[in-house]
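J.: task: produce atomic coordinates for the following.
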Amino acid sequence: AGDDVSSRPPGAPADADYLRGLPVAADDERPGTPVAGLGRAVEEFSGESLAAVPATGDWTAARLTALLDAVTAVTADGPVGVLAALWTGELVAAATPVADLDAGVRPGPDWSVAHVVALWGSRDGPFGPLLAVADTYPQLGSPDLGPGLHLQPTDRVAVALGHGGGLVLVGPDRRRDALTAALGRRPVGVVEATDLPESCQSAPSGTLRAVDRAERDAIVAALRDTDGNRAAAAAALGVARSTLYRKIAQYRITD
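T.: This is a model prediction of the structure:
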């Protein structure tokens, strides 16, 4: 097949050798590599030293935040890396400055294809958490972070995953049983923090400590008193809005 400019982001050079012989996805709006196949490829290329467990389902910003808070926490067994197979047409432009994202600016996407990126961190923002994305294309970089690195609103990433994509959780092979067991307890839908083994959790489990229950109840009361206005609730509680958003996701509080 010839070079297709739309298959790469603006400014990225053609790579005919890379494109030659690749199959064409039947549906342009679905990631061409199923997450199960992506996970298996990671394991094979690592010489079976890594476990790569796929996670699929109905993605929301709250569920995605809870899962990432759990699996990216550094534990005694080491961190878990996260690959995301998604549709780039739902993301904001990679070069958007952090200040603009914090101001709620959401410019259109750089390109619209099925793509795989790595999620490597998060940052609180006034309009909710921003996920740190590492891309194979250096052209997709933020002026604040560098080539191939940019921030994306969590809600945009959740929608981008909804085009038939998903996550692949990657960690040392010794963690395979723990991650597989978590997936096995939820055969349908996205894995949530409470589905993971305790050693992999950073979000609270189903049984909260007294101090956590008190904090959760205070947040619920503030939201109720402000008719669900999160900005007003944050002000009443004396916390930043980004902190309140994180706590709402952490305690799985629904409107």
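J.: any idea how far residue 161 is from residue 112?
T.: 15 Å (C-beta to C-beta, to the nearest Å). Yep, even glycine has a C-beta here, placed from its N, CA and C like the rest.
J.: more neighbours, these two?
T.: residue 161 (26 against 15; other C-beta atoms under 10 Å).
J.: strands paired with the longest strand seen in the chain, and their directions?
T.: Secondary structure of the chain read by DSSP state E shows that its longest strand is strand 114-123. Under the criterion DSSP bridges, strand 114-123 sits next to strand 81-87 (antiparallel), strand 130-134 (antiparallel) in its sheet.
J.: just name the most buried of the ones you listed.
T.: strand 81-87 (a mean of 23; mean count of other C-beta atoms under 10 Å).
J.: quick one: the helix or strand following that one to chain centroid distance?
T.: For strand 81-87, the following helix or strand on the C-terminal side (DSSP states H and E) is helix 98-102. Here helix 98-102 is found 19 Å from its chain centre; the criterion is C-alpha atoms, centre = their mean, to the nearest Å.
J.: begin at 655 from here
T.: That works, and once the first residue is 655, the last one we named lands at helix 752-756.
J.: for helix 752-756, packing partners?
T.: strand 803-807 (3 or more C-beta pairs under 8 Å, 6 or more residues apart in numbering; DSSP states H and E).
J.: direction included, what does the strand it packs on pair against?
T.: strand 784-788 (antiparallel).
J.: average pLDDT across the partner strand?
T.: Across strand 784-788, pLDDT averages out at 95.
J.: and residue 812, what element?
T.: Using DSSP H and E, residue 812 sits within helix 808-815.
J.: buried residues, that helix. List them.
T.: Applying a neighbour-count criterion of 16 or more other C-beta atoms under 10 Å, the buried positions in helix 808-815 are 808, 809, 810, 811, 812, 813, 814, 815.
J.: understood, closing this out.
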